[in-house]
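S.K.: dropping a prediction and its sequence here:
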Amino acid sequence: MKRIFYILVTLVVLSACFKLNSLSLFNLSSQYSNTPFTKLQSAVFNINDSTARLWVLIFMDDMIADYDSLSGKSYTRVQLKYELFDTYESKQILDSASLIISDSSLKIGDTLIYIDFEYPGRNKYILKISLTDLNRIDFVDSYLCLDNTSEDSRNSFLLQDQIGNLLFRNVISADEEVIFQLADKNVRKVFVRYYKRDFPLALPPFLEEAEASFNYMADSTFTVTANDGKMAGIRLSRQGFYHFQTDSNQRNGFTIYRFNNDFPEITNAVQMLGPLRYITTRKEYAKIDTSEDKKLAIDNFWLDNAGNPSRARAMIQKYYGRVVDANDYFTSYLEGWKTDRGLIYIVYGPPKIVYRGKNLEEWLYGEKGNSNSIRFQFVKVSNPFTDNDYSLIKSPSYKEKWYNIVNTWRR
């Protein structure tokens, strides 16, 4: 059961700008940590050129109920807060609000909150969202890149299922029917560009490569009707990605990705094989790839390197657990495990320190200031299909440490 609340009790709104340390100075490694007390699912929809609506889904079953002896009831108490910034480097909060929900009903289900806020102008912004369980002082943060530059930006589309439930993701399966709510209610036709591309895997960090330009010519195109701000339902049967636009003369729009129906999970030998390329030789990989029983060949690879079945199972769980995490964190127009950040995350694990700027993300493994620590820098790629595309700055200096970490998976 979902309960919907609109700016409930104890809402404090702070609209004036005030100064603080910029987000780029804070360690944001929690964004890639798989151990928060709850997941934070959120979406932002541009209602018009100056107003946006923030939706947050709160999993109430994850919250702790505290007993109040005076009332004889148990309460969950949750604080939801947002802060709006120009960029990660900005030292001013443009807008903020804090909402406290105190609930004694203890109904089983999720709570869907929405809050409207104002944009300062036609621009791109960063929205920080914080959710805190006040009964145990545990919290989770999320950072959204918002685009209010035009009526056809990605935040002018709100993805829903066929009965109108919000989808806090843009990866769907073949059997899902989806619709869009559109900011522009005058739109009568939505243009769709379909792309089916075979992207190569990320290369090791010491192999510098020339960046290949993306061919924006779609493999096919079609249109979907819209009426009064709502697009007709559609199923996307073919794997690839679909770019929805209200103006076909621009590159802006909203992209939906169609991978295998199990995504982001790894459920069969074919899905297990691809990520194994990161820690195998070309010869080893080819041998497994041409085996009649790929699952057996993969199991034997891990067993040969682990030395015993118990350690092999632990290594498999650890390695493919990171693959699933990479799919959750880094998926863009290709699966997260295939990306540069996915490669580093799978082989090295979650970074200890993460700094993020307008066009750069920096990961640190080890202690800050320690010469033995490893630092990776990822440059944000301008991409109409996603705001989650980053390219690693490669260097031959990574070669020795790369082979050292790969060898830890092989002994």
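M.R.: Perfect, I can see it now.
S.K.: mind telling me what element L127 is part of?
M.R.: Taking DSSP states H and E as the definition, L127 sits inside strand 124-133.
S.K.: ok, whatever helix or strand comes next after that strand: who's next to it in the sheet?
M.R.: Where DSSP H and E defines the elements, the next helix or strand beyond strand 124-133 is strand 138-147. Here strand 138-147 is paired, per DSSP bridges, with strand 124-133 (antiparallel).
S.K.: go through the strand it pairs with and flag the buried ones.
M.R.: Buried positions in strand 124-133, judged by neighbour count with 16 or more other Cβ atoms under 10 Å: Y125, I126, L127, K128, I129, L131, T132, D133. The way it works is simple: take the backbone N, C-alpha and C, and place the C-beta from them, glycine included.
S.K.: can you classify the spatially closest residue to T386 that is not a sequence neighbour by secondary structure?
M.R.: Once flanking residues are discounted, T386 sits nearest to S332: 3.9 Å by Cβ to Cβ, 6 or more residues apart in numbering. When classified by DSSP: H, G, I helix; E, B strand; the rest coil, S332 comes out as coil.
S.K.: now do the contacts for S332.
M.R.: T339, N383, F385, T386, N388, D389 (Cβ atoms under 8 Å, 6 or more residues apart in numbering).
S.K.: quick one: it from I113, how far?
M.R.: S332 sits 27 Å away from I113, going by Cβ to Cβ, to the nearest Å.
S.K.: biggest strand in the protein, by residue count?
M.R.: Longest strand of the chain, by residue count under DSSP state E: strand 73-85.
S.K.: distance from it to the middle of the chain?
M.R.: For strand 73-85, the separation from the chain centroid amounts to 22 Å (computed by Cα atoms, centre = their mean, to the nearest Å).
S.K.: show me what counts as buried in that strand.
M.R.: For strand 73-85, the neighbour count (16+ other Cβ under 10 Å) marks Y75, T76, R77, V78, L80, K81, Y82, E83, L84, F85 as buried.
S.K.: between these, which sits nearest R410?
M.R.: F85 (43.6 Å; Cβ to Cβ).
S.K.: pop the domain breakdown of the chain in here.
M.R.: For the chain, automatic domain parsing gives the domain ranges 2-149, 157-258, 269-408.
S.K.: weakest of the ones you listed by average pLDDT?
M.R.: Of all those, mean pLDDT reaches its minimum on domain 2-149 (a mean of 84).
S.K.: circling back to that earlier point, tilt between the strand holding L127 and strand 73-85?
M.R.: Taking axes from the mean of the first three to the mean of the last three Cα atoms, to 10 degrees, one finds that strand 124-133 is oriented at 160 degrees with respect to strand 73-85.
S.K.: who touches strand 124-133?
M.R.: Under the criterion Cβ under 8 Å, 6+ apart, residues 23, 37-38, 40, 42, 44, 54, 56, 58, 62-64, 76-88, 90, 94, 119, 138-149 lie in contact with strand 124-133.
S.K.: make a PyMOL selection of whichever of these turn out to be buried.
M.R.: This is how PyMOL selects the buried members of the contacts of strand 124-133, with burial counted by 16+ other Cβ under 10 Å:
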select buried, resi 23+38+40+42+44+54+56+58+62+63+76+77+78+80+81+82+83+84+85+86+87+88+90+94+119+139+140+141+142+144+145+146+147+148
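S.K.: ranges for the strands of the stretch 101-250 of the chain?
M.R.: Assigned by DSSP state E, counting those that start in this stretch, the strands in the stretch 101-250 of the chain fall at 110-118, 124-133, 138-147, 157-161, 177-182, 189-195, 220-227, 230-231, 234-235, 240-245.
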